[in-house]
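**Q** Give me coordinates for this.
(chains A and B)
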Protein chains: 2
Amino acid sequence: MRARDLAAPFPTVRAETPALEAARLLAGQNLPGLIVVDDHGRPVTILPGTQVLRMAIPSYCQDDPALARVIDEAAADVFLRGVGDRTVAELLPREHRELPVVDPDATVLEVAAVMARSRSPLVAVAKKNEPMLGAITLDAMLDRMLGT
Amino acid sequence: MRARDLAAPFPTVRAETPALEAARLLAGQNLPGLIVVDDHGRPVTILPGTQVLRMAIPSYCQDDPALARVIDEAAADVFLRGVGDRTVAELLPREHRELPVVDPDATVLEVAAVMARSRSPLVAVAKKNEPMLGAITLDAMLDRMLGT
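**A** Numbers count the residues shown, from 1 in each chain, chains lettered A, B, ... in the order given. Below is the predicted model:
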């Protein structure tokens, strides 16, 4: 069993993907985030799911969540509609989170070690400088290790 | 709509819960982690899912995942069986990750702000020093915000 056998299709976005489309991709799928790929399909970074929430929140509430208490629901709905033409590029954290990438020939134990060390519940599978074959989630790893 | 309305049941463990039971709770549910509660059911911290993988990996592989490549599959299987009577307490990172807790009266926007600021896809709902009512996931927030 190698990384190539565990790799499964995973939703990807590009820097120019609309932010709202990214939010819709995430919703209802219980994903830890989305994988951002370049124009050649090569994995670049991960867009953490919590980052997507930021576009719905005025910056003063991010600094002090208690301020959010004074805003009523109707106004809050407006924020998300105000996303307009923002893109994934604008949602990415300034310091890009490292997306671990493993070779298709990596062993199960190697993938587990990469995941544990990086504390990332998601690992992309790709040969160096080649398009992504798929991704391995923490869930898939636990299933494999527990034999469920 | 307040935090109490969004709070849903969420699997919890205690410090003395066997590590293997925690791994089984996580597997197949696509959870970002498990909430650790004290003897009174009050939320204490989060056990990140990737932390559970650590028990399956010899420490020298965590420092250098390439070393994992030299270990064959059969040997790798032994590691998880070797978990024995380890508990959740032994899996927790040395620096406990902050588990955000919101008051049941918090607004949706306030919950979103707490989630975005803490970068935690999971927020516990509880009154101060009282047992946890439930938890709100990033997924539930996105559903609410996108009206899906």
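
**Q** From now on I want contacts and neighbour counts done on CA atoms only, so please keep to that.
**A** OK.

**Q** who's in contact with stretch A:117-136?
**A** Contacts with stretch A:117-136, where a contact means CA atoms under 8 Å, 6 or more residues apart in numbering or on different chains, come from A:3-4, A:6-10, A:32, A:40-43, A:99-104, A:111, A:115, A:137-139, B:32, B:49-51, B:62-63.

**Q** again, only this time at 7 Å
**A** Identification of contacts with stretch A:117-136 by CA atoms under 7 Å, 6 or more residues apart in numbering or on different chains yields A:3-4, A:6-10, A:40-43, A:99-104, A:115, A:137-138, B:50, B:62.

**Q** Give me every residue in chain A lying close to chain B.
**A** With CA under 7 Å from any CA of the partner chain as the criterion, chain A meets chain B at residues A:27-28, A:30, A:50-51, A:53-54, A:57, A:61-62, A:65-66, A:68-69, A:76, A:106-107, A:109-110, A:112-117, A:119-121, A:138-139, A:142-143.

**Q** Filter the residues you listed down to the buried ones.
**A** The neighbour-count criterion (16 or more other CA atoms under 10 Å in any protein chain shown) marks A:27, A:30, A:50-51, A:53-54, A:57, A:61-62, A:65-66, A:68-69, A:76, A:106-107, A:109-110, A:112-117, A:119-121, A:138-139, A:142-143 among the residues of chain A next to chain B as buried.

**Q** Which members of the residues you listed occur in helices, if any?
**A** A:50-51, A:53, A:61-62, A:76, A:109-110, A:112-117, A:138-139, A:142-143 (DSSP state H).

**Q** ok, back up a step: buried subset of the contacts of stretch A:117-136?
**A** For these, a neighbour count by 16+ other CA under 10 Å gives the buried set as A:3-4, A:6-8, A:10, A:41-43, A:99-104, A:115, A:137-138, B:50, B:62.

**Q** Out of the residues you listed, list just those in strands.
**A** A:43, A:101, A:102, A:137 (DSSP state E).

**Q** of those, the lowest pLDDT goes to which?
**A** Minimum pLDDT for these is recorded at residue A:137 (91).

**Q** Leaving out sequence neighbours, find the closest residue to that one.
**A** Excluding its sequence neighbours, the residue lying closest to residue A:137 (CA to CA, 6 or more residues apart in numbering or on different chains) is residue A:122, at 4.7 Å.

**Q** residues touching residue A:1, list them.
**A** A:107, A:108.

**Q** do that again at 6 Å, thanks
**A** For residue A:1, the contact set (CA atoms under 6 Å, 6 or more residues apart in numbering or on different chains) is empty.

**Q** Lowest-scoring secondary structure element of chain A by mean pLDDT?
**A** helix A:73-81 (a mean of 54; mean pLDDT, DSSP states H and E).

**Q** Next secondary structure after that one?
**A** Once helix A:73-81 ends, the next helix or strand along the chain (criterion: DSSP states H and E) is helix A:88-91.

**Q** Give me the contacts around that next one.
**A** So helix A:88-91 is contacted by A:15, A:17, A:19 (CA under 6 Å, 6+ apart).

**Q** Any idea how many residues pack against the first one?
**A** For residue A:15, the neighbour count with other CA atoms under 10 Å in any protein chain shown is 18.

**Q** Specify the local secondary structure of it.
**A** coil (DSSP: H, G, I helix; E, B strand; the rest coil).

**Q** Go ahead and flag the most central residue of chain A.
**A** Centroid-nearest residue in chain A, with CA atoms, centre = their mean: residue A:33, separated by 2.2 Å.

**Q** Residue A:45 is in contact with that one, correct?
**A** No: Residue A:33 lies out of contact with residue A:45 (CA atoms under 6 Å); the separation is 10.2 Å.

**Q** shared neighbours of the two, anything?
**A** Joint contacts of residue A:33 and residue A:45 (CA under 6 Å, 6+ apart) do not exist.

**Q** in chain A, which segments are predicted with low confidence?
**A** Scanning chain A with the threshold set as pLDDT under 70 gives A:56, A:58-63, A:65, A:67-84, A:147-148.

**Q** run the last query once more with 50
**A** A:78 (pLDDT under 50).

**Q** Backbone dihedrals for residue A:34, please?
**A** Residue A:34 adopts backbone torsions of phi -120, psi 150, taken as degrees, to the nearest 10.

**Q** Before I go, just wanted to say thanks for your time.
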